[in-house]
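Asker: just the structure for this:
(chains A and B)
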Number of protein chains: 2
Amino acid sequence: MPESRRDDTATIAALGERGLIDRLRQRAGAPPPWIVIGIGDDAAVLTPERGTVDVVTTDSLIEDVHFRRAWTSAHDIGRKAFHVSVSDLAAMGATPRAVLLSLALPPSLALSEFDAIAAGFLGAAAAARTPLVGGNIARSPGPLVIDVTALGSARPRRVLRRSGAHAGDELYVTGSVGGAAAGLGWLAAGHDRKTLDPAAHASIERYERPEARLRCGQVIARAGAARACMDLSDGLADAARQIAEASGLGVVIDADAVPVDEGARAWAEANGRDPVMAAVAGGDDYELLFAVAARRTRRFEAAARRCSGLPVTRVGRLTADAGAWLARSGRQEPLPLGFVHY
Amino acid sequence: MPESRRDDTATIAALGERGLIDRLRQRAGAPPPWIVIGIGDDAAVLTPERGTVDVVTTDSLIEDVHFRRAWTSAHDIGRKAFHVSVSDLAAMGATPRAVLLSLALPPSLALSEFDAIAAGFLGAAAAARTPLVGGNIARSPGPLVIDVTALGSARPRRVLRRSGAHAGDELYVTGSVGGAAAGLGWLAAGHDRKTLDPAAHASIERYERPEARLRCGQVIARAGAARACMDLSDGLADAARQIAEASGLGVVIDADAVPVDEGARAWAEANGRDPVMAAVAGGDDYELLFAVAARRTRRFEAAARRCSGLPVTRVGRLTADAGAWLARSGRQEPLPLGFVHY
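Answerer: Prediction:
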């Protein structure tokens, strides 16, 4: 990105909507050939990829609800807005093709903050080869709102729904869980980052810099190795419950199998919480949860080895009986609810 | 819509995100066959229409910036959010296929207001045969924000850009201009609607209930009758300037030709403003401005007769010399700037 002389007192109000859009366009780079029309017209135009269906989702990050500017750098806020939105494409097994960015910005926002949000967003988009093709910038009389629409493509028979699971299917989760919620816990408790140990730092990193599991979703979808999938935006317990309910089933999670994030364990112990309960209830992980037919687990595990080194762990199974349970030491307790927005 | 017993004291916080999404899904009705996956999964999935390109746009309405709840009914706010977004598809000559709705809602919002916003939005979407296929609901600590993503399709060679105009092209505008800005003027001045005359009422209607010119955009695009198009979201002066700049040209608007809305004329006269200047500078009209090759004006006018009775008026022309001018009585004055958001 060209580094011009920066005036730290400048606000976005000085540039106006059009100036800000031009700024984004300059930094977005040249679009790939399938983008017929990108930033700057009434709408963007994309050539569909032959033999695929369009996959589309929208998600928002709202200041003081999903992030705080006092806690998280503007760069990481922009970066997170990208990953949170394309995580929904990952959960469908889709490949991202383009994003649109709709910003509601307080006029007092420093231009340097705007540039940092843009750099975080565009850097993440470039790393995922997903061009910014349009959007909208408006004034907000309140919080900063970042709304991202992500467009992707998938083979029609390879789309991963929430509702495809059968009784007896095994549940697998990518990576580890609970880390982001622990990171938010450390931040909310007002700890000075300098005094926190490395596990706590790693949790804060999980909260502030989530990584959409795009490659893993695509690999599993293309291999036809899963029957259902959802991302853990509201936590493992929530995702397990949602797949079960959408498929007309129940679910049991094995407490001992849950890959609890190391920092999540430290946070739970420091706060007198049960580590597994805290980890499965915590949101913002953006891992993927797959339902896999029992006779397909070897195919699934073989495909999962192509997930760029991301581990997958079998954490439970779907049941014909309704209900959502956590099994531990031969007993079952109710699975906690996930992160609740209201 | 099923009319259940209404508790006027209920707020949306009682239902939560999932309850609100279910409420939208119930009211959205059954999706058409090209929607493979609609509301309720991580993302929506659409089968592309053969031989078309995808056209996509996002736009937002923000409380106290784009609307006030004290002025405009919740139903009309929802309705306007739909029309404002698909107006960008109209300006590309595209046919809408689906919309996504991202809402940031204050928890204190009455459930009856939510239902009215939903009814206005879904009613407009149903009238335009554009299913709601997904979106997002989050809590807002500030204003109500309605972000709408609209997806459409168009024949690749028929897409109307902003940048396709040539010097000598004629400019045509649909309907009349300035009405919405006059309506906003009456509302902002705090007039009691009961005491206003019919022209003022009609202007307020223009402001609160815009109508995206979808049919006209499609008819002109399919006929190959225009070289460029833009909607008048920020006014005629702005749209003329944008088409000219995007095409590397200048523009002259004929003051006497501008189809000034009757209410806009009344408002300008009541407020000591020049009616034409006020009308071309006023935003929120959502009419379409077309650039038409001089040798194609008959074809354009013939096609425009299929715009469901919406008149089109020749208002000016594009020039090789840069600059944006209003010509009146043999003199040229600078064309005003359009509506400015910051």
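
Asker: hmm, A:Arg69 is touching A:His75, no?
Answerer: No - look at A:Arg69 against A:His75 with CB atoms under 8 Å: they stay out of range, at 11.6 Å. The way it works is simple: take the backbone N, C-alpha and C, and place the C-beta from them, glycine included.

Asker: which of these two has more neighbours?
Answerer: Between A:Arg69 and A:His75, counting by other CB atoms under 10 Å in any protein chain shown, A:His75 is the more crowded of the two (20 against 15).

Asker: spit out the contact partners of the more buried one.
Answerer: Contacts for A:His75 (CB atoms under 8 Å, 6 or more residues apart in numbering or on different chains) come out as A:116-117, A:119-120, A:123.

Asker: quick one: what helix or strand has it in it?
Answerer: Per DSSP states H and E: A:His75 is located in helix A:74-92.

Asker: what residues sit buried inside that helix?
Answerer: A:74-92 (16 or more other CB atoms under 10 Å in any protein chain shown).

Asker: tell me, how many residues neighbour the residue lying closest to A:Pro106 once chain neighbours are set aside?
Answerer: Distances taken as CB to CB, 6 or more residues apart in numbering or on different chains place A:Ser140 nearest to A:Pro106, at 5.3 Å, with adjacent residues excluded. By other CB under 10 Å, the residues close to A:Ser140 number 25.

Asker: quick check: A:Ser140 touching B:Asp64?
Answerer: No - A:Ser140 is beyond contact range of B:Asp64, at 9.4 Å (criterion: CB under 8 Å).

Asker: find residues that contact each of the two.
Answerer: Shared contacts of A:Ser140 and B:Asp64 (CB under 8 Å, 6+ apart): B:Pro143.

Asker: in the stretch 101-250 of chain A, what residue is nearest chain B?
Answerer: A:Gly142 (2.2 Å; CB to the nearest CB).

Asker: correct me, but A:Ala10 touches A:Ala110?
Answerer: Yes - under the criterion of CB under 8 Å, A:Ala10 makes contact with A:Ala110 at 6.9 Å.

Asker: more neighbours, these two?
Answerer: A:Ala110 (16 against 13).

Asker: what's near enough to touch that one?
Answerer: Neighbour list for A:Ala110: A:8-12 [criterion: CB under 8 Å, 6+ apart].

Asker: and for A:Val251?
Answerer: By CB under 8 Å, 6+ apart, the residues touching A:Val251 are A:171, A:240-241, A:243-244, A:316-319, A:323-325, A:335.

Asker: that's a helix at it, yeah?
Answerer: No - counting by DSSP: H, G, I helix; E, B strand; the rest coil, A:Val251 is not found in a helix; it is strand.

Asker: not counting sequence-adjacent ones, nearest residue to the spatially most central residue of chain A?
Answerer: For chain A, the residue nearest the mean C-alpha position is A:Val84 (3.3 Å; CA atoms, centre = their mean). With CB to CB, 6+ apart as the criterion, A:Val84 has its nearest non-adjacent residue at 5.4 Å, and that residue is A:Asp59.

Asker: element containing the one you found?
Answerer: strand A:53-62.

Asker: what packs against that strand?
Answerer: helix A:74-92, strand A:145-154, strand B:44-46, strand B:53-62, strand B:95-105, strand B:132-139, strand B:145-154 (3 or more CB pairs under 8 Å, 6 or more residues apart in numbering or on different chains; DSSP states H and E).

Asker: does A:Leu132 touch A:Leu100 like I think?
Answerer: Yes - assessed by CB under 8 Å, A:Leu132 is found in contact with A:Leu100 at 7.4 Å.

Asker: returning to that earlier point: of the helices and strands packed on strand A:53-62, which is nearest B:Glu269?
Answerer: strand B:53-62 (30.0 Å; CB to CB).

Asker: for the closest one, what is the average pLDDT?
Answerer: Average pLDDT, strand B:53-62: 97.

Asker: distance between it and the chain's centre?
Answerer: 11 Å (CA atoms, centre = their mean, to the nearest Å).

Asker: now do that strand against strand A:53-62, angle only.
Answerer: Interaxial angle, strand B:53-62 versus strand A:53-62 (axes from the mean of the first three to the mean of the last three CA atoms, to 10 degrees): 20 degrees.

Asker: what segments of the stretch 201-342 of chain A are helices?
Answerer: Assigned by DSSP state H, counting those that start in this stretch, the helices in the stretch 201-342 of chain A fall at A:214-222, A:236-246, A:262-270, A:275-281, A:297-304.

Asker: now do the first one: which elements does it pack against?
Answerer: Which is helix A:214-222. For helix A:214-222, the elements it packs on are helix A:74-92, strand A:95-105, strand A:228-231, strand A:288-292, helix A:297-304, judged by 3+ CB pairs under 8 Å, 6+ apart.

Asker: redo the ones you listed as TSV? Include mean pLDDT and distance to A:Ser163.
Answerer: Listed next are the helices and strands packed on helix A:214-222 as TSV, based on pLDDT from 0 to 100; distance: least, CB to CB, whole Å:
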stretch	mean pLDDT	distance to A:Ser163
helix A:74-92	98	12
strand A:95-105	98	22
strand A:228-231	98	7
strand A:288-292	98	10
helix A:297-304	97	18
